[in-house]
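In: coordinates only, sequence not included:
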């Protein structure tokens, strides 16, 4: 089983601040997907194939990485970005999610 | 508009069974793989099961293998999750997802999620 470790677990950023969320895989994966989940809502596909933004995702978001190390970056934090972000690997079964990074605003 | 509506959740005693349903609309159901993912209260996401578009193949993590069964009725546009021998650790919100490969990329995504069905396993 591929274990995904996300860091940090929780973080707070000021409006306009650059934010980087990390996802480390225990074995190499082909690509990473990211999901955004706001409080009380269902998750939404946010980034797929490591670096492709899902429909409607603002271009202040970006994704990068390869092998075992992946990241999601927000170039300039906005209040609407407050959420928990999960990485998901689909390279092998069982499919596994990271434990999530809760992003708050200062 | 793609819609996934889960039903069948509720309170069940340990060791008993429960069957969730997910009715799909807004897309051609039999063209898509489907999955169930769950989220325990205050916790993260955990993949539970997947099924191919024909229903011919299914996939499970060890945590539910042998207890849960995913199935589908393409004529009724409905996905199911039969849960047997339920345990307290199965308490969660269960989400139905539509799965697909993004055309031209080969990337597999769970691109649509239902609102979730709450399952509580407790005596």
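Out: Everything's here; your move. The shown structure was predicted, so the numbers you read here are calculated from the model rather than taken from an experiment. Numbers count the residues shown, from 1 in each chain, chains lettered A, B, ... in the order given.
In: Would you mind measuring from the spatially most central residue of chain B to chain A?
Out: Note on chain B: the residue nearest the mean C-alpha position is residue B:36, at 2.3 Å, using C-alpha atoms, centre = their mean. For residue B:36, the distance to chain A equals 11 Å [C-beta to the nearest C-beta, to the nearest Å]. Every residue, glycine included, has its C-beta placed from N, CA and C.
In: Is that residue bridged to anything, and to what?
Out: Beta-bridge pairing of residue B:36 under DSSP bridges involves residue B:49, residue B:96.
In: Could you do residue A:34 as well?
Out: Per DSSP bridges, the residues bridged to residue A:34 are residue A:47, residue A:87.
In: Contact partners for the residue nearest to the centre of chain B?
Out: B:20, B:22, B:47-50, B:70, B:79, B:81, B:94-97 (C-beta atoms under 8 Å, 6 or more residues apart in numbering or on different chains).
In: can you give me the strands in chain A?
Out: Counting by DSSP state E, chain A has strands at residues A:4-7, A:10-13, A:19-25, A:33-37, A:44-48, A:52-53, A:61-66, A:69-74, A:83-89, A:96-97, A:101-105.
In: Let me fix that, I meant to ask about chain B.
Out: Using DSSP E, strands in chain B cover B:3-7, B:10-12, B:18-25, B:33-39, B:45-51, B:58-59, B:68-73, B:78-83, B:92-101, B:108-113, B:117-121.
In: could you say what helices and strands the second one packs with?
Out: With contacts defined as 3 or more C-beta pairs under 8 Å, 6 or more residues apart in numbering or on different chains; DSSP states H and E, the packing partners of strand B:10-12 are strand B:117-121.
In: re earlier: so which of the contacts of residue B:36 is the closest to residue B:115?
Out: Residue B:115 lies nearest to residue B:95 out of the contacts of residue B:36, by C-beta to C-beta, at 8.0 Å.
In: now the closest one: how far from chain A?
Out: 6 Å.
In: for residue B:42, same thing?
Out: 11 Å.
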